[in-house]
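*Asks:* this one's structure only:
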């Protein structure tokens with residue numbers, strides 16, 4: 001699994017905040033994280049297995065591809081990622097970049 005630190009280096013950004021969401025049920029943490037990000041005005045990418053999920057300001061980006069389809073010139077446009085070893089069972093971590 002690629003780490004948030006590795007992703008921040010790829011994107012050329014620094015980590016400025018990290019939030020942890022714990023699972024109470026299947027995908028519970030993921031759903032809470034996505035809801036919170038959308039309420040904060042972010043567009044959230046699509047889930048693909050346990051790959052990272054990018055997010056960016058909804059005013060700037062209207063669509064974010066699955067992680068495997070994001071090009072190298074799109075990484076710097078991300079405002080952060082959601083990462084997990086298993087989104088269904090293990091909870092997730094939301095990492096904000098600047």
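*Replies:* Done, it's in. What you see is a predicted model, and the numbers here were worked out from it, not measured in a lab.

*Asks:* pLDDT averaged over stretch 12-30 - what is it?
*Replies:* Along stretch 12-30, the predicted confidence averages to a pLDDT of 92.

*Asks:* Now do that stretch: distance from first to last residue.
*Replies:* The stretch stretch 12-30 measures 25 Å between its terminal residues, going by Cα to Cα, to the nearest Å.

*Asks:* With stretch 55-72 instead?
*Replies:* The first and final residues of stretch 55-72 sit 15 Å from each other (Cα to Cα).

*Asks:* ok, residue 16 to residue 25 distance?
*Replies:* To residue 25, residue 16 is 30 Å away according to Cβ to Cβ, to the nearest Å. (C-beta placed from N, C-alpha, C; glycine too.)

*Asks:* Do a quick rundown of the strands in this protein.
*Replies:* 15-21, 42-44, 53-57, 80-83, 92-97 (DSSP state E).

*Asks:* Pick the most deeply packed of those strands.
*Replies:* Per residue and on average, the most neighbours among these fall to strand 80-83, with a mean of 25 (mean count of other Cβ atoms under 10 Å).

*Asks:* bridging residues for the residue lying closest to residue 79 once chain neighbours are set aside?
*Replies:* Setting aside the residues directly before and after it, residue 79 is nearest to residue 56 in space (Cβ to Cβ, 6 or more residues apart in numbering), at 4.9 Å. Taking DSSP bridges as the rule, residue 56 bridges to residue 43.
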